[in-house]
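Novice: Attaching a predicted model along with its sequence, questions to come.
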Amino acid sequence: MLGRQHHGIINVANSILNSIDLDQTMANIMVTVRRDGYTQGYAECTQHVTNALRVDWDTRRSATHEADTGAARAAAKAEYNNLRLPVMDLVTMRCSLRTF
């Protein structure tokens, strides 16, 4: 009996980890976090150059000028936090039917 339960738990874990929705959401998070990090790093570097050279560094033509990457990162995080996987609905239903 314990062997079948263990096998079932492994199948549920594999279903969760191999979910296409989870993969897509994680890929979105990775891309947005990378963009946000690049934008913040560029802004910090620009600040250092401006301070070191005592000149106004023109960033209007840069790809990161006025880019709101923080909002995109927050939206991706919210999407991950609100992610619903169909297999989890089955697990929840199965657990609610079971009395301990």
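Specialist: Alright, I've got the coordinates. Numbering: from 1, shown residues only.

Novice: Could you tell me the per-residue confidence at Arg34?
Specialist: pLDDT, the model's per-residue confidence, is 90 for Arg34.

Novice: ok, now Val91?
Specialist: 69.

Novice: Spatially nearest residue to the residue most central in space within the chain, not counting backbone neighbours?
Specialist: Residue closest to the mean C-alpha point of the chain, counted by C-alpha atoms, centre = their mean, is Ile29 at 2.8 Å. The spatially closest residue to Ile29, leaving aside those adjacent along the chain, is Ala76, at 4.7 Å (C-beta to C-beta, 6 or more residues apart in numbering). Where you see a C-beta, it was placed from the backbone N, CA and C, and this is true even at glycine.

Novice: and the one helix or strand that neighbour maps to, C-alpha only, in CSV?
Specialist: When elements are defined using DSSP states H and E, Ala76 is found to belong to helix 69-81. Taking Å, rounded to 0.1, in the frame of the first residue of the first chain, the C-alpha atoms of helix 69-81 are listed here in CSV:
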residue,chain,number,x,y,z
THR,A,69,10.6,47.4,-16.1
GLY,A,70,9.7,47.3,-12.4
ALA,A,71,6.0,47.2,-13.3
ALA,A,72,6.6,44.3,-15.7
ARG,A,73,8.5,42.4,-13.1
ALA,A,74,5.8,43.0,-10.5
ALA,A,75,3.1,41.8,-13.0
ALA,A,76,5.1,38.6,-13.8
LYS,A,77,5.5,38.0,-10.0
ALA,A,78,1.7,38.5,-9.5
GLU,A,79,1.0,36.1,-12.4
TYR,A,80,3.2,33.4,-10.8
ASN,A,81,1.6,34.0,-7.4
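
Novice: which other helices and strands contact that helix?
Specialist: Applying 3 or more C-beta pairs under 8 Å, 6 or more residues apart in numbering; DSSP states H and E, one finds that helix 69-81 makes contact with helix 20-53.

Novice: The helix it packs on relative to helix 69-81, how many degrees between them?
Specialist: Counting by axes from the mean of the first three to the mean of the last three C-alpha atoms, to 10 degrees, helix 20-53 points 160 degrees away from the direction of helix 69-81.
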